[in-house]
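Colleague: Prediction below, plus the sequence it came from.
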Amino acid sequence: MQIQRAIINISMPPAMAKRIKKLAKEENRTKSELLRQAFRSYEFDRDWAKIRAWGEETARRMGIETEEDVERIAG
């Protein structure tokens with residue numbers, strides 16, 4: 001079964017394009033593979049940032065400031 005792909009054209013400074021090409025070659029990957037991984041890492045980081053923000057807001061609402069507060073609330 002063949003995987004379908006969408007082609008996306010992007011622009012970037014020449015120096016960045018050169019670094020991407022060099023890094024892909026060093027890692028024996030295609031530029032597309034390298035950029036797909038970069039996007040997955042970006043998504044992962046963004047999702048964790050949302051989770052951290054939710055946790056910080058929840059801690060503020062519940063008055064949690066220390067690990068002792070967590071233990072007190074957890075019972």
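Modeller: Yes, it's here.

Colleague: which residues of this structure score low on pLDDT?
Modeller: Within the chain, no range satisfies pLDDT under 70.

Colleague: Do you have the helices of it handy? List them.
Modeller: Taking DSSP state H, the helices of the chain run over residues 14-26, 31-62, 67-74.

Colleague: Can you list the buried residues in the longest one?
Modeller: Counting neighbours by 16 or more other Cβ atoms under 10 Å, one finds that the buried residues in helix 31-62 are Leu34. In short, each C-beta sits where N, CA and C put it, glycine included.

Colleague: Just list what that helix packs against, helices and strands only.
Modeller: Applying 3 or more Cβ pairs under 8 Å, 6 or more residues apart in numbering; DSSP states H and E, we find helix 31-62 packed against helix 14-26.

Colleague: right, so of the helices of the chain, which gets closest to Ala6?
Modeller: Comparing these by their distance to Ala6 (Cβ to Cβ), the top pick is helix 31-62, with 11.1 Å.

Colleague: So which of the helices of the chain is nearest Met1?
Modeller: Taking Cβ to Cβ, helix 31-62 is the member of the helices of the chain nearest to Met1, at 18.9 Å.

Colleague: how big is the angle separating that closest one from helix 67-74?
Modeller: Interaxial angle, helix 31-62 versus helix 67-74 (axes from the mean of the first three to the mean of the last three Cα atoms, to 10 degrees): 80 degrees.

Colleague: for helix 31-62, the distance to its chain's centre please.
Modeller: Distance, stretch centre to chain centre, for helix 31-62: 5 Å (Cα atoms, centre = their mean, to the nearest Å).

Colleague: picking that back up, dump the helices of the chain into JSON lines; add distance to Ala6 as well.
Modeller: Formatted as JSON lines, these follow (distance: least, Cβ to Cβ, whole Å):
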{"stretch": "helix 14-26", "distance to Ala6": "19"}
{"stretch": "helix 31-62", "distance to Ala6": "11"}
{"stretch": "helix 67-74", "distance to Ala6": "45"}
